[in-house]
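> 3D, please:
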Amino acid sequence: MSSRKRIAAVVITIAALIGGSVSIASAHDGKGKGAVKESVLAELIKSGTITQSQADAISKKFDELRVKMEANKSVIKAERNAHHAEIQALISSTLGIDSATIKSRLEAGESLATIAGANKGALVTALVAHATKEIDARVTAGKLTVAQATTLKANLTKQITKMVDSVKGPKGLGHKGGKRMGSGH
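Residues are numbered from 1 along each chain as shown. Okay, here's the model as predicted:
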């Protein structure tokens, strides 16, 4: 087999592994983790498409990628939890109401606007300032362009006001039915 065909076969195999087989091979039940990957690689070795050392290198890269992805999931979850706690603290301090009370009132079907009462404007202002600070930080970190930041900021007050006025659905802040405001987080 020509080296071009080998390279193409390896690329196709990797794409197939990434696209579907990896998710099958790493099913949550724990049975056969990596079995599909190993089976595909064994077939490629048997057909002479790749060598054992190439298969070992591919397998090693997938294992490294899996470990890296798991680590990234943990980091993302921790960041999301920290962000959620930060927003809860901001809402609580702005309204002068403890987080547990706010949570129970939201679960009872009240909106943040109802809970805030006369402080609704201050709450919206605080949340807009917080979101603006986060957007600016993303620009500074190179994760957003200035143009993207400008677009996000253009509707920020409207979006946050809509969120504050909405009633909590089964999946969190948002419209009844669980639809959430797209915040880019």
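> How about the contacts made by L144?
135, 138, 152 (Cβ atoms under 8 Å, 6 or more residues apart in numbering). Using the backbone N, CA and C atoms, a C-beta is placed for each residue, glycine as well.
> repeat that for 10 Å
134-138, 150-152, 184 (Cβ atoms under 10 Å, 6 or more residues apart in numbering).
> Among these, which pair sits farthest apart?
A137 and T151 (16.5 Å; Cβ to Cβ).
> Only the buried members of the contacts of L144: can you turn that into a ChimeraX selection?
Per 16 or more other Cβ atoms under 10 Å, the buried members of the contacts of L144 correspond to this ChimeraX selection:
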select :134,135,138,152
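> Next, format the contacts of L144 as a markdown table and append pLDDT.
As requested, the contacts of L144 are exported to a markdown table (pLDDT from 0 to 100):
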| residue | pLDDT |
| --- | --- |
| E134 | 90 |
| I135 | 92 |
| D136 | 94 |
| A137 | 92 |
| R138 | 91 |
| T150 | 94 |
| T151 | 92 |
| L152 | 90 |
| G184 | 43 |
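> how many neighbours does the closest residue to D165 other than its chain neighbours have?
Residue nearest to D165 in three dimensions, not counting chain neighbours: A113, with 4.8 Å by Cβ to Cβ, 6 or more residues apart in numbering. A113 has 18 neighbours, counted by other Cβ atoms under 10 Å.
> cool, and R66?
Residues near R66, counting by other Cβ under 10 Å: 16.
> From the chain's centroid, how far away is the host helix or strand of K68?
For K68, the host element (DSSP states H and E) is helix 52-95. On the basis of Cα atoms, centre = their mean, to the nearest Å, helix 52-95 is displaced by 9 Å from the centre of the chain it belongs to.
> That one: what's the following helix or strand?
helix 99-107.
> Mind listing what's buried along that next one?
Under the neighbour-count criterion of 16+ other Cβ under 10 Å, helix 99-107 has 102, 105-106 buried.
> which other helices and strands contact that helix?
For helix 99-107, the packing partners by 3 or more Cβ pairs under 10 Å, 6 or more residues apart in numbering; DSSP states H and E come out as helix 52-95, helix 112-116.
> tell me the angle of it relative to helix 52-95?
100 degrees (axes from the mean of the first three to the mean of the last three Cα atoms, to 10 degrees).
> Not counting residues beside it along the chain, what's closest to T51?
I45 (7.0 Å).
> So which of the helices and strands packed on helix 99-107 is nearest T157?
Using Cβ to Cβ as the measure, helix 112-116 is the one of the helices and strands packed on helix 99-107 that comes nearest T157, at 13.8 Å.
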